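*Asks:* Test case, fold it:
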Amino acid sequence: MLLRTSGGRRSVLFTLVLAAFLALPVIASVHSRRSIARGAAAGVKTPDSPAVKPPADTGPSPATPPTTARVEPKPAAAASIKPAVVCETSCDDGDPCTVDRCDPATVQCVHPAVVCDDFSPCTVDSCEPGLGCRFAPVPDGIECGTNPCMSPSLCQAGECVQGHTLCDDGNGCTLDACDAATGQCHHTLLPEGASCDDQNACTTATSCHNFG
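*Replies:* Got it, this is the predicted structure:
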C-alpha cells in the first residue's frame, strides 16, 4: 500500500516537472512580446523589435495656417536719381534753320543746322533764315530716273514723272514684256480667238486670228 502511494506521488511530481519544462518557451515568448510592445510605445528600439519609424510630417494643421512675413520694398537710393540737365537760359535762338538744345556734357546751348531734305530729285532743298526749309522745283524736263525698259523719267513741276514703256508694239494680240536686266523686249502671240481691242469704236467682239 505504501509502495503504491510512493509510486503515485512520483508520477504526479514527474508530470508537474514535465509540464513546467514544456511551458518555459511559451512564457518566454509572451514576456518577449510584452517587452517589444512596451519599447514601441516608449519609442525605444529593442533587440527583438523592428525599427520604429517616426510619424510622417504632414505639415501645419489646417486650423493654424503658416504666416508669411511681409517684405517692405526698399526705397531707391537718392544717389541713383540724376537731376535733369537744364541750361541757365532758354536755348531758343528764334532761328527756324537751327535745332536748339542744351548740351548735357557742357550744360550750354548748342544750335546745329536744320537738315532740309524732301528726298525728291526734282527739288532744290535749302533753309531760308526767318522762314525755314524751302524746296524749290527744278526746271521741267530734267531727267530724274532711268529704266532700261522705259523712256527716261522727267521732272515736271517739281515731281518726277515716270516714262512710258519701250516694248509696246501697238498690237492688241501680243503680250509685251521687257527684260529689266538687258532692256530687251519680248512679244508673245495671244491664243487663237483671244479677245482683243482694235481701238475702233465701230467694231465689237473683236478677236485675234493668226494668219501667218
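
*Asks:* alpha carbons only for contacts and neighbour counts from here, please
*Replies:* Will do.

*Asks:* residue contacts, Thr146?
*Replies:* Neighbouring residues of Thr146 by Cα atoms under 8 Å, 6 or more residues apart in numbering: Pro152, Ser153.

*Asks:* quick one: it is in a strand?
*Replies:* Yes: using DSSP: H, G, I helix; E, B strand; the rest coil, the assignment for Thr146 is a strand.

*Asks:* Using CSV, write out every CA atom in stretch 150-166.
*Replies:* Presented in CSV, the C-alpha positions along stretch 150-166 are these (Å, rounded to 0.1, in the frame of the first residue of the first chain):
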residue,chain,number,x,y,z
MET,A,150,11.2,102.6,-120.3
SER,A,151,11.9,106.0,-121.6
PRO,A,152,13.7,108.4,-119.2
SER,A,153,11.6,109.8,-116.3
LEU,A,154,11.5,113.6,-116.3
CYS,A,155,10.8,116.3,-113.8
GLN,A,156,7.5,118.2,-114.2
ALA,A,157,6.6,120.9,-111.7
GLY,A,158,8.8,119.5,-109.0
GLU,A,159,7.6,116.0,-109.5
CYS,A,160,9.3,113.0,-111.1
VAL,A,161,7.1,111.7,-114.0
GLN,A,162,7.7,108.1,-115.0
GLY,A,163,8.5,107.5,-118.7
HIS,A,164,6.5,105.2,-121.0
THR,A,165,7.3,101.6,-121.8
LEU,A,166,9.5,100.9,-124.8
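
*Asks:* Name the residues of stretch 104-124 that come out as buried.
*Replies:* Counting neighbours by 16 or more other Cα atoms under 10 Å, one finds that the buried residues in stretch 104-124 are Cys109, Val110, His111, Val114, Pro121, Cys122, Thr123, Val124.

*Asks:* I'd like the residues you listed as CSV, with secondary structure appended.
*Replies:* Shown next, in CSV, are the buried residues of stretch 104-124 (three-state DSSP):
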residue, secondary structure
Cys109, strand
Val110, strand
His111, coil
Val114, coil
Pro121, coil
Cys122, coil
Thr123, strand
Val124, strand
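
*Asks:* Let's have the residues you listed in CSV, adding distance to Thr203 and pLDDT.
*Replies:* As requested, these are exported to CSV (distance: Cα to Cα, whole Å; pLDDT from 0 to 100):
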residue, distance to Thr203, pLDDT
Cys109, 76, 93
Val110, 74, 94
His111, 71, 93
Val114, 62, 94
Pro121, 45, 95
Cys122, 44, 97
Thr123, 47, 97
Val124, 51, 96
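
*Asks:* Please identify which two of the residues you listed are farthest apart in space.
*Replies:* Pairwise distances across these (Cα to Cα) peak at 35.6 Å, for the pair Cys109 and Cys122.

*Asks:* Show the pLDDT at the closest residue to Ala205 other than its chain neighbours.
*Replies:* Among residues not flanking Ala205 along the chain, Ser195 sits closest, at 7.2 Å (Cα to Cα, 6 or more residues apart in numbering). Ser195 carries a pLDDT value of 89.

*Asks:* Tell me where this protein has strands.
*Replies:* 101-103, 108-110, 123-128, 132-137, 143-147, 150-156, 159-161, 174-178, 185-189 (DSSP state E).

*Asks:* Pipe those strands into a markdown table and attach distance to Ala201 per row.
*Replies:* Output for the strands of the chain, formatted as a markdown table (distance: least, Cα to Cα, whole Å):
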| stretch | distance to Ala201 |
| --- | --- |
| strand 101-103 | 67 |
| strand 108-110 | 69 |
| strand 123-128 | 43 |
| strand 132-137 | 41 |
| strand 143-147 | 34 |
| strand 150-156 | 29 |
| strand 159-161 | 30 |
| strand 174-178 | 20 |
| strand 185-189 | 23 |
